[in-house]
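Novice: coords below, sequence missing:
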């Protein structure tokens, strides 16, 4: 009764109108309950102990504070919303014939030896230092299982070699191995000259990166000594027996790895989420995914999950996602986190369905994009469309709304240039980043580099950027910025 907002009368194809109306009514009942007098608007403390964050008309149970069983209201509200949304989306998926989307098969582990037979190969560059590390891995697996894994060069582990039933143990960093470089361009692995930094290591499982059912273990670092540390850690974690299987793992260390999220930080975000808008919640979901991928801290994955449930509520009430700021890379980041242990099978199913609805509502995957005779300007929405289209084409064979392939080709064909159409170092750099984001994910990405366009782009970026990374002194670049996007990101990307 309190809400004046009318229910929507138009519907997309992801949910039937009758079911969606029911879901929206449930969501708005819950939304307005949270605003009702005596609930969230009441001072956040119970009657039993000053300062308690529990929202209740009654005192806490005796001893609840001392036992630590009295949880903050923000966490309780978020969990309530999550459970309602799980039920609502599950009901919708079962009740409508219009939505036949089924979540993919998730590959949650990486088999190395199965039934006393090798299913993995060790992939290492053919230099002496890498071969010595590969032989250490080989010896450790042999000792644990009695099985000897083959050692192969990176050329034999390129994407086309990742067929179902195969696994790989890859050693390296950006620039040392073509097989590692392919995963790095897709953000599945991170080791390069700056991350995780000297003295650290990166050990992570990579789950079905090419949509073929094949997975891998990556052992990397900034220096060859750091890669040796990753090998040491792998040997420590290696189980023993005729079946060697690694669960989802992100084990990283180094000066560039961020500190874990505290419980206090989590509670602060939980209190913020219920009243936040699309852009803010989407930013929390995206940053949580990225922080987990770069740290392995499960608290970040938990926050990403909770933010996505809240984002699903918001997207359910939208006809179109026309401004994707805050979620530019959400499909990509979802791919990096979806196998984590902090998410249950139910989470993966519900959030996969949400991601599909999100993708079908992206503006560049709904309307027709025609060819353009002139280069296009900066556009974060096209990056989101590109990542959404790639994710569902790779794992589901779906062309979103039957438009994604045509629209993205028409859009980016006009972008194959060396210079932004905006003569300003701020927004102009966004266009350059759009181009690189697209080009580096294409199988024929080398053609753009070989054409000389990337070199001209780098020369221009350096021309308008000082040797301190300061902005060029012309046109708009944003007030009080001290680092140019060109100097701080684009040249490094090239």
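Specialist: Sure thing, it's come through. Because the structure is a prediction, the values reported are computed rather than measured.
Novice: Give the phi and psi angles for residue 117, as a check.
Specialist: Dihedral angles of residue 117 (phi, psi; degrees, to the nearest 10) stand at phi -120, psi 140.
Novice: what does the model give residue 294 for pLDDT?
Specialist: For residue 294, the model assigns a pLDDT of 97.
Novice: Could you give the number of residues near it?
Specialist: If you count neighbours by other Cβ atoms under 10 Å, residue 294 ends up with 19. Yep, even glycine has a C-beta here, placed from its N, CA and C like the rest.
Novice: buried residues in the helix or strand it falls within?
Specialist: Using DSSP states H and E, residue 294 maps to helix 278-295. Under the neighbour-count criterion of 16 or more other Cβ atoms under 10 Å, helix 278-295 has 278, 280-295 buried.
Novice: Please name every helix or strand in contact with it.
Specialist: strand 250-253, helix 263-272, helix 298-316, helix 330-337 (3 or more Cβ pairs under 8 Å, 6 or more residues apart in numbering; DSSP states H and E).
Novice: Reformat these as JSON lines; add mean pLDDT and distance to residue 204.
Specialist: Listed next are those as JSON lines, based on pLDDT from 0 to 100; distance: least, Cβ to Cβ, whole Å:
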{"stretch": "strand 250-253", "mean pLDDT": "98", "distance to residue 204": "5"}
{"stretch": "helix 263-272", "mean pLDDT": "97", "distance to residue 204": "23"}
{"stretch": "helix 298-316", "mean pLDDT": "98", "distance to residue 204": "13"}
{"stretch": "helix 330-337", "mean pLDDT": "98", "distance to residue 204": "10"}
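Novice: of the ones you listed, which approaches residue 160 most closely?
Specialist: In terms of Cβ to Cβ, the element of those nearest to residue 160 is helix 330-337, at 19.6 Å.
Novice: could you give the angle of the closest one to helix 278-295?
Specialist: 30 degrees (axes from the mean of the first three to the mean of the last three Cα atoms, to 10 degrees).
Novice: could the helices and strands packed on helix 278-295 be laid out in TSV, adding distance to residue 391 and mean neighbour count?
Specialist: Conversion of the helices and strands packed on helix 278-295 to TSV gives the following (distance: least, Cβ to Cβ, whole Å; neighbours: other Cβ atoms under 10 Å):
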stretch	distance to residue 391	mean neighbour count
strand 250-253	20	20
helix 263-272	25	15
helix 298-316	14	23
helix 330-337	4	23
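Novice: which SS class is residue 209?
Specialist: coil (DSSP: H, G, I helix; E, B strand; the rest coil).
Novice: what's around it, how many residues?
Specialist: 21.
Novice: Equivalent analysis for residue 415, please.
Specialist: Quick note: residue 415 (other Cβ under 10 Å) scores 20 neighbours.
Novice: can you check residue 453 too?
Specialist: 17.
Novice: a markdown table for the helices and strands packed on helix 278-295, including distance to residue 464?
Specialist: Converted to a markdown table, those look like this (distance: least, Cβ to Cβ, whole Å):
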| stretch | distance to residue 464 |
| --- | --- |
| strand 250-253 | 36 |
| helix 263-272 | 38 |
| helix 298-316 | 36 |
| helix 330-337 | 29 |
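Novice: quick one: which of these is nearest residue 214?
Specialist: Taking these one by one with Cβ to Cβ, helix 330-337 is closest: 15.2 Å.
Novice: Sticking with the closest residue to residue 388 other than its chain neighbours, tell me its helix or strand.
Specialist: Nearest residue to residue 388, sequence neighbours excluded (Cβ to Cβ, 6 or more residues apart in numbering): residue 359, at 3.8 Å. Using DSSP H and E, residue 359 sits within helix 345-360.
Novice: Please report how far the nearest residue to residue 371 once chain neighbours are set aside lies from residue 395.
Specialist: Once flanking residues are discounted, residue 371 sits nearest to residue 410: 5.0 Å by Cβ to Cβ, 6+ apart. Note on residue 410: its distance to residue 395, by Cβ to Cβ, to the nearest Å, is 24 Å.
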